[in-house]
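>>> return a 3D structure for these sequence lines:
(one chain, ligands or ions: 1)
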Amino acid sequence: MSKRMIGDVAIDQVVELALDPAFAADQLLPDFNDEVVAANRALLSPRYMNADSKLLVMSIHSWIVRSGDNVVLIDTCCGNQKPRPDFPLANMLDVPYLERLEAAGVRAQDVDYVLCTHLHVDHCGWNTQLRNGKWVPTFPNAKYIFSQTEYDQWNPQDPTYPKAGMNPTSGVNAGVFEDSVLPIVEHGLAQMVTGRHAIDRNLSIEPAPGHTFGSIVIKLDSKSDKGLFCGDVMHHPIQVLRPDWNSAFCDVPALARHTRRRVLGYCADEGAVLMPAHFAAPHAVRVQRAGENFTFQPA
Ligand SMILES: [Zn+2]
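Residues are numbered from 1 along each chain as shown. Prediction:
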């Protein structure tokens, strides 16, 4: 658990799963080719991938953000005891995630806000836990903030469901809305947001569609230091080097590329620390422009 400061805001992460290996590079990134690894071997290997086997090193983690008096949890990983037959790495987990959260100084009842960058299986699982056969909110005192567009994408009751153009891999999300999202709404803890939305004086939400229809990013701005939590706008640091490479899980490919370039440009030009959901330790990077693309250093 490494604490970092951005302005007055303290940031930790809780790792649910350290994935080494995670996926083969061309399985996650269909456009993958070896030339980028050859040209950036020391930057990528062994921290983020094995340059010889092309197996990626990744992570599934939550960010803990202490902003003023607020304890904010960004993305809640996969969760325990959830049946995910089509996504084996998350199937029926039994991980001491809440114990790790406590080791970072946060009890479940202390969390004030839960922010899900999107509603994929590995970003909202700990929203709920199983108690007496029912899925109930894990963080009973939190306001859970969801993108309305994202909520609509996964809501079987929505008139536009299922959305045209939804990636076939969306099947890995079966059951997630019912066990990890709907119970939050039923307990009255959900707040839907559209467009830009300020959480407090340091944190604000912005739409970042492409990976899913309603993906959001969270910007952090404190004492002229900046950070950005980007969820799955990119999954792996190779996508900083090659921002046109989508993951196999992106719903709107052209928009995903556009948003990725926009986010990377913001981080490079504003000096914002980029904090994605799946980069291997130390989980954050600093971004610079490099010609038409970008490069990075672990941060
Ligand atoms: Zn993810």
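>>> give me the mean pLDDT for the lengthiest helix in the chain.
Counting by DSSP state H, the longest helix found in the chain is helix 253-270. Mean pLDDT, helix 253-270: 98.
>>> which strands and helices sit next to the helix or strand just after that helix?
The helix or strand immediately downstream of helix 253-270 is strand 273-276, counting by DSSP states H and E. Strand 273-276 is packed against strand 225-231, helix 253-270, strand 285-290, with contacts defined by 3 or more Cβ pairs under 8 Å, 6 or more residues apart in numbering; DSSP states H and E. Using the backbone N, CA and C atoms, a C-beta is placed for each residue, glycine as well.
>>> now do 7 Å
In terms of contacts (3 or more Cβ pairs under 7 Å, 6 or more residues apart in numbering; DSSP states H and E), strand 273-276 is packed against strand 225-231, strand 285-290.
>>> for whichever residue of the stretch 1-150 of the chain sits closest to the ion, grab the count of nearby residues.
Nearest residue of the stretch 1-150 of the chain to the ion: residue 122, at 4.3 Å (Cβ to the ion). Residues within reach of residue 122, counting by other Cβ atoms under 10 Å, total 26.
>>> so who does it touch?
60, 77-78, 90 (Cβ atoms under 7 Å, 6 or more residues apart in numbering).
>>> repeat that with 8 Å
Residues counted as contacts of residue 122 (Cβ atoms under 8 Å, 6 or more residues apart in numbering) are 60, 75, 77-78, 87, 90, 277.
>>> ok, now how distant is it from residue 84?
9 Å (Cβ to Cβ, to the nearest Å).
>>> any shared contact partners between the two?
78, 90.
>>> ok so, going back, could I have the ChimeraX command that selects the buried members from the contacts of residue 122?
In ChimeraX syntax, the buried subset of those is picked out as below (16 or more other Cβ atoms under 10 Å):
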select :60,75,77,78,87,90,277
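>>> from the contacts of residue 122, which has minimum pLDDT?
Where pLDDT dips furthest among the contacts of residue 122: residue 87, at 92.
>>> helix or strand for residue 63, which one?
Here residue 63 is assigned to strand 58-67, by DSSP H and E.
>>> what helices or strands is that strand leaning on?
Applying 3+ Cβ pairs under 8 Å, 6+ apart, one finds that strand 58-67 contacts strand 9-19, strand 70-74, strand 216-222.
>>> mind putting those strands in CSV, mean pLDDT, mean neighbour count and distance to the ion included?
Below are those laid out as CSV (pLDDT from 0 to 100; neighbours: other Cβ atoms under 10 Å; distance: least, Cβ to the ion, whole Å):
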stretch, mean pLDDT, mean neighbour count, distance to the ion
strand 9-19, 98, 20, 11
strand 70-74, 98, 23, 12
strand 216-222, 98, 22, 13
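>>> what parts of this protein come near the ion?
Contact residues, the chain versus the ion (Cβ under 5 Å from the ion): 122, 232.
>>> quick one, helices of the chain?
Using DSSP H, helices in the chain cover 25-28, 35-39, 41-44, 97-103, 148-154, 176, 182-186, 238-241, 253-270.
>>> phi first, then psi, for residue 139.
The phi/psi pair for residue 139 (degrees, to the nearest 10) reads phi -120, psi 90.
>>> wait, what's in contact with it?
So residue 139 contacts 73, 108-109, 111, 114, 127 (Cβ under 8 Å, 6+ apart).
>>> buried subset of these?
Buried residues within the contacts of residue 139, counting neighbours by 16+ other Cβ under 10 Å: 73, 108, 111, 114, 127.
>>> residues in contact with the first one?
With contact taken as Cβ under 8 Å, 6+ apart, residue 73 is in contact with 62-65, 106, 111, 113-115, 139, 142.
>>> let me know the distance separating it from residue 144.
Counting by Cβ to Cβ, the gap from residue 73 to residue 144 is 10 Å.
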